[in-house]
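Q: can't give you the sequence, but here's the structure:
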């Protein structure tokens, strides 16, 4: 067998072995993409309201709130220095590159308690 054929054969065996390893074998693999977290905007609240993440990870806020006669389904995600658009559906993602505690709110519903916090370790 030529050297080139031997290398290609070894690469094929290695690729087959990797695809045969179960997802959970790496301890911590899950359906969620590593380093990505989701906060849902629903019932005029952020769910979860406090989130602890690692530096370099992202948070995606997803609008799932339905309008009621007493509350608008329009929300925003506002931090000191940056904010999402005010919208009724969609998502907004922020990657946190620095450690710290980042408080945020929906400026429309903050007086109703629509506030949250991201703690970056």
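A: In hand now; what should we look at? Note that this is a predicted model, so its numbers are computed, not measured.
Q: how about the nearest residue to residue 87, chain neighbours excluded?
A: Excluding the flanking residues, the one nearest residue 87 by CB to CB, 6 or more residues apart in numbering is residue 63, at 6.3 Å. Backbone N, C-alpha and C define where each C-beta goes, glycine included.
Q: Go ahead and confirm that neighbour touches residue 88.
A: Yes: between residue 63 and residue 88 there is a contact under CB atoms under 8 Å: 6.4 Å.
Q: what number of residues lie near the residue lying closest to residue 82 once chain neighbours are set aside?
A: Leaving aside its sequence neighbours, residue 82 sits nearest to residue 94 (CB to CB, 6+ apart; 7.4 Å). Neighbour count for residue 94, taken as other CB atoms under 10 Å: 17.
Q: Contact partners for residue 35?
A: Taking CB atoms under 8 Å, 6 or more residues apart in numbering, we find residue 35 in contact with 54, 56, 57, 58.
Q: Going toward the C-terminus from the worst-scoring helix or strand of the chain on mean pLDDT, what's the next helix or strand?
A: Lowest by mean pLDDT, DSSP states H and E among the helices and strands of the chain is helix 3-20, with a mean of 39. Counting by DSSP states H and E, the next helix or strand C-terminal to helix 3-20 is strand 36-42.
Q: neighbouring strands for that following strand, and are they parallel or not?
A: Strand 36-42 pairs in its sheet with strand 45-47 (antiparallel), strand 58-63 (parallel), by DSSP bridges.
Q: Just send those strands back as CSV, with mean pLDDT, mean neighbour count and distance to residue 80 too.
A: Shown next, in CSV, are the strands paired with strand 36-42 (pLDDT from 0 to 100; neighbours: other CB atoms under 10 Å; distance: least, CB to CB, whole Å):
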stretch, mean pLDDT, mean neighbour count, distance to residue 80
strand 45-47, 96, 18, 16
strand 58-63, 96, 18, 16
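Q: In TSV, list the ones you listed along with distance to residue 79.
A: Output for these, formatted as TSV (distance: least, CB to CB, whole Å):
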stretch	distance to residue 79
strand 45-47	12
strand 58-63	11
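Q: Of the ones you listed, which is nearest residue 109?
A: When those are compared by CB to CB, strand 45-47 sits nearest residue 109, at 8.7 Å.
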